[in-house]
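Student: What follows is a predicted protein model with its sequence.
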Amino acid sequence: MITQISGVSELSLRLAKQYIMQGEAVAFHTETVYGLGADARSDNAVRHIFELKGRPQNNPLIVHVHRDFDITSLTDHIPDYAKALAKAYLPGPLTMVYPSTGKVSALVSCGLDTLAVRVPSSPTAQAFLRAVDVPIAAPSANLSKHISPVTARHVYEDFEGRIPLILDGGRCEGGIESTVLDCTGETPQILRAGLVTREMIAAVAGECAVYVPQKGEQPKSPGMAYKHYAPKCRTAFFAPEELATAKELYLQEEQKGGVPCFFCEDELARTLKGFRVLDLGSSGEEMANRLYELLHRGEEEATLLIGVCPKERGGVYEGVLNRLTRAFGG
Ligand code: TXA
Ligand code: MG
């Protein structure tokens with residue numbers, strides 16, 4: 001199979017629709033990361049997604065719909081706070097988990113009685129979802145455990161010859177996956193931190209909890225149980241206070257003939273004169289935007305990536321820290 005990379009056009013949308021109806025997977029740009037989409041109503045199409053990614057069978061998928069799609073066909077319970085959040089932040093990088101009416105393949109939710117629904121804001125995603133006009137199950141378009149893709153090229157590197165089409169919308173601005181929010185309870189609860197922050201949710205819903213799985217418990221968002229977002233090179237991760245040890249490791253790697261590289265926020269990067277550095281930037285948004293792009297670059301150029309944890313907490317930093325610690329193995 002030849003994998004075509006194409007921007008949105010009448011022809012590419014027609015092809016995308018054809019492929020989706022045939023049960024194939026089509027990758028598409030979103031404002032967070034690229035998605036790997038298939039017809040959520042079809043068992044075979046959904047199974048195909050799991051096979052393509054090598055994804056564990058107990059990690060459910062998010063269903064993507066266009067902005068005018070009637071989501072009351074997918075769930076029969078949307079609490080008032082969820083309506084208010086949808087009005088404030090959708091379309092956008094917020095995925096909401098509802099009780100499911102079972103209208104899509106049961107494989108999407110891996111046996112859970114809930115369904116995660118997302119309305120992406122990317123014009124490419126909207127054009128694609130409108131053209132197909134069916135709910136699209138889509139995980140991030142990377143092989144399971146590998147770094148999430150923020151360019152069409154990243155998708156191509158993981159799936160060349162295995163999918164027919166990548167709808168190219170340029171580099172993903174958001175840079176980390178959507179916030180996953182459990183909306184099945186009386187108040188909202190964050191299952192995966194992202195660009196729509198706890199503070200933003202609380203400002204609209206009045207309150208917002210953050211789910212922390214208890215030891216030994218099956219997490220509510222099963223994807224959070226896995227090592228993830230991992231580059232192919234070796235990694236090490238340090239707290240800011242451990243900088244001296246991190247530098248020692250850097251020099252050891254260089255003496256062995258390897259190519260070490262720091263991976264840290266701008267404030268620290270500017271002090272690391274004479275060291276190779278991938279600079280994440282300063283604000284939470286900037287770090288989210290650069291994170292996966294730089295991890296992809298790091299795995300190509302370095303033998304050892306040495307991450308140093310940013311200092312700030314709260315807001316978008318929470319999502320960035322979650323991805324960073326998991327990419328670097330904690
Ligand atoms: O930004 C995004 O969300 C991207 C783009 C492509 O839309 N998609 C994405 O999908 O990140 P994926 O499959 O890589 O991550 C989906 C996350 C996983 O952590 C999964 O466990 C959780 O959503 N999830 C899906 N359905 C769920 C459900 N019914 N209940 C709880 N968590 C769910
Ligand atoms: Mg993913």
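Tutor: Arrived safely, thanks for sending. Numbering: from 1, shown residues only. Ligands and ions are numbered 1, 2, ... in the order given.
Student: So, low pLDDT: which residues of the stretch 151-300 of the chain?
Tutor: Filtered on pLDDT under 70, the stretch 151-300 of the chain yields the residue ranges 222-227.
Student: so what's the spatially most central residue of the chain up against?
Tutor: Central residue of the chain (Cα atoms, centre = their mean): E177, 2.8 Å from the mean position. Counting by Cβ atoms under 8 Å, 6 or more residues apart in numbering, E177 makes contact with T32, V33, P93, S140, S148, R192, G194, R323. In short, each C-beta sits where N, CA and C put it, glycine included.
Student: Double-check that it belongs to a helix.
Tutor: No. E177: not assigned to a helix; according to DSSP: H, G, I helix; E, B strand; the rest coil it is coil.
Student: That one and L304, how far apart?
Tutor: E177 is 26 Å from L304, where distance means Cβ to Cβ, to the nearest Å.
Student: Buried residues in stretch 34-45, which are they?
Tutor: Residues of stretch 34-45 classed as buried by neighbour count (16 or more other Cβ atoms under 10 Å): Y34, G35, L36, G37, A38, D39, A40, R41, S42, A45.
Student: Same check on stretch 303-311?
Tutor: L304, L305, I306, G307, V308, C309, P310.
Student: Check stretch 21-38 too.
Tutor: 24-38.
Student: which among these gets closest to T235?
Tutor: T235 has its nearest neighbour among the buried residues of stretch 21-38 in V33, at 19.7 Å by Cβ to Cβ.
Student: Now do the contacts for the closest one.
Tutor: Contacts of V33 by Cβ under 8 Å, 6+ apart are S140, A141, N142, S148, P149, V150, C172, G174, G175, I176, E177, Y292.
Student: Try it again at 6 Å.
Tutor: S140, S148, P149, V150, C172, E177 (Cβ atoms under 6 Å, 6 or more residues apart in numbering).
Student: would a markdown table of the residues you listed with secondary structure and distance to ligand 1 be doable?
Tutor: What follows is the contacts of V33, written out as a markdown table (DSSP: H, G, I helix; E, B strand; the rest coil; distance: Cβ to the nearest ligand atom, whole Å):
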| residue | secondary structure | distance to ligand 1 |
| --- | --- | --- |
| S140 | strand | 4 |
| S148 | coil | 7 |
| P149 | coil | 9 |
| V150 | coil | 11 |
| C172 | coil | 9 |
| E177 | coil | 4 |
